[in-house]
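*Asks:* Curious how this folds, go ahead:
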Amino acid sequence: MSIVFSAALAVLSLAGSLLAPPARALYDVSYYPDGEFLNLSSRLRYDPAPRPATNEDRAAQRRGLEVMVEEHVRQLRRQGRLAKDEDTAWSVYDFTSGEKLVEINADLKLQAASLIKPFIALAYMHQVKAGRLAYDDDARRRLERMIQRSDNNATNWALRRLGGPAAVQTLLRRDYGSLLANVDVVEYIPRDGRTYRNKASVGDYSRFLLALWREELPGAAEIKRLMALPKRDRLRTGTDLPPDTEVFSKSGSTSHICGDMGVLLAKAPDGRQYAYALIGVIEKRSAARHYFRWLHSRGDIIREMSGMFYRIIAGLHGFAAVR
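*Replies:* Residues are numbered from 1 along each chain as shown. Below is the predicted model of the structure:
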């Protein structure tokens, strides 16, 4: 086991003490000889007497998890699965405990691609609540296509109804600036889908998802319904997560970006569900030469991270993830 991961293991032993359940999970995090991750839930043991958590405990837990992710990203670079011109950003927020578990490059502005679309839905719902737009059957069908099918024509329809990208940017900055501090909505989606100028950070997505989950945003219940419509994603589809895991998500893809954001509900054997947000974005400065190959391989990285964090969430809440 590397020195970095030995340190990470030491601080991760504090994780279970941050929550109320009667058992705390301690992870034996280790490597295969060739450097690949072991299943993080493969060896769990329980301490029945957790002590009250301190701020120092929480900071140590968070840093330990971030060290794990950073080391994994370095490993991916050594293996050639991430290139030198690729930046990554990650955020994991346990909504049940209220703990931010991971924030890496959280404020880095990255291309948003279709990840910008839930923010356009928010702007639309804002105007519906204000009585300036109607949410009739036609509008509902178009927003469904925008989120579920990532339909660019439907997105541009919403942008036009809202007065264009500049008007949406003004609305989001004026009314949701504390949530969406790094969001730039500057262009319609081009006909060829090559949208590179709209930007956001994983911190923006994380804050948006938390406010959405708490139903602090206009039309929150409807936006959650839109994001829960069945579709392929990189958080559950193609992962080893249990098939009954609920996901509220949106993905984004161009030849420069592969990303996904969403809220997942980890389900314990007793039926209880534990909500957490996961965002992963990989941005490539030069356009990928083999687009579909690149997109598939980077999507697999996000899927691996999703599986890893599901098992961590399960362990933190006192149950082993069933594969």
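*Asks:* average pLDDT across the longest helix seen in the chain?
*Replies:* Across the chain, the longest stretch assigned as helix under DSSP state H is helix 291-316. Here helix 291-316 scores 96 as its mean pLDDT.
*Asks:* what's around the closest residue to Lys109 other than its chain neighbours, how many residues?
*Replies:* Once flanking residues are discounted, Lys109 sits nearest to Lys199: 4.6 Å by C-beta to C-beta, 6 or more residues apart in numbering. In short, each C-beta sits where N, CA and C put it, glycine included. By the criterion of other C-beta atoms under 10 Å, Lys199 has 20 neighbours.
*Asks:* For whichever strand or helix holds Arg140, name the packing helices and strands.
*Replies:* Secondary structure assignment for Arg140, by DSSP states H and E: helix 137-148. In terms of contacts (3 or more C-beta pairs under 8 Å, 6 or more residues apart in numbering; DSSP states H and E), helix 137-148 is packed against helix 117-129, helix 152-161, helix 220-228.
*Asks:* How about it, which residues are buried there?
*Replies:* By neighbour count, with 16 or more other C-beta atoms under 10 Å as the criterion, the buried positions of helix 137-148 are 139, 142-143, 145-148.
*Asks:* Convert that helix to CSV, retaining C-alpha atoms only.
*Replies:* Output in CSV follows, covering the C-alpha atoms of helix 137-148 (Å, rounded to 0.1, in the frame of the first residue of the first chain):
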residue,chain,number,x,y,z
ASP,A,137,-48.3,20.7,-22.2
ASP,A,138,-46.1,22.0,-25.0
ALA,A,139,-43.6,23.5,-22.6
ARG,A,140,-43.6,20.4,-20.5
ARG,A,141,-42.9,18.2,-23.5
ARG,A,142,-40.1,20.4,-24.6
LEU,A,143,-38.4,20.5,-21.2
GLU,A,144,-38.7,16.7,-21.0
ARG,A,145,-36.9,16.4,-24.3
MET,A,146,-34.3,18.9,-23.1
ILE,A,147,-33.4,17.0,-20.0
GLN,A,148,-34.3,13.3,-20.9
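*Asks:* Would you indicate which residues of whichever strand or helix holds Ala59 are buried?
*Replies:* Using DSSP H and E, Ala59 maps to helix 55-78. For helix 55-78, a neighbour-count test (16+ other C-beta under 10 Å) marks 57-58, 60-62, 64-73, 75-76 as buried.
*Asks:* Equivalent analysis for stretch 267-277, please.
*Replies:* Buried, per 16+ other C-beta under 10 Å, within stretch 267-277: 267-268, 274-277.
*Asks:* One more: stretch 89-98?
*Replies:* 89-97.
*Asks:* SS state for the nearest residue to His317 once chain neighbours are set aside?
*Replies:* Using C-beta to C-beta, 6+ apart and skipping the chain neighbours, the partner closest in space to His317 is Tyr274 (5.0 Å). Under DSSP: H, G, I helix; E, B strand; the rest coil, the three-state class of Tyr274 is strand.
*Asks:* Would you check how far apart Tyr274 and Ala320 are?
*Replies:* Here the criterion is C-beta to C-beta, to the nearest Å. By it, Tyr274 lies 13 Å from Ala320.
*Asks:* One more: Leu229?
*Replies:* Separation of Leu229 from Ala320 (C-beta to C-beta) stands at 30 Å.
*Asks:* again with Leu143
*Replies:* 38 Å.
*Asks:* quick one: secondary structure of Pro190?
*Replies:* Assignment for Pro190 (three-state DSSP): coil.
*Asks:* per-residue confidence for it?
*Replies:* 92.
*Asks:* got the contact list for Ala228?
*Replies:* 246-248 (C-beta atoms under 8 Å, 6 or more residues apart in numbering).
*Asks:* Out of these, which comes closest to Tyr310?
*Replies:* Of all the contacts of Ala228, Tyr310 sits closest to Val247, with 10.8 Å by C-beta to C-beta.
*Asks:* Residue ranges in the chain under the pLDDT threshold?
*Replies:* 1-53, 321-323 (pLDDT under 70).
*Asks:* I figured Leu122 was touching Phe208, is that so?
*Replies:* Yes. Shown here, Leu122 and Phe208 form a contact pair, counting by C-beta atoms under 8 Å, at 7.4 Å.
*Asks:* quick one: common contacting residues for these two?
*Replies:* Applying C-beta under 8 Å, 6+ apart, one finds that Leu122 and Phe208 are jointly contacted by Leu217.
*Asks:* Output the contacting helices and strands for the longest helix of the chain.
*Replies:* Secondary-structure packing of helix 291-316 (3+ C-beta pairs under 8 Å, 6+ apart): strand 24-27, helix 55-78, strand 86-94, strand 99-104, strand 257-267, strand 273-284.
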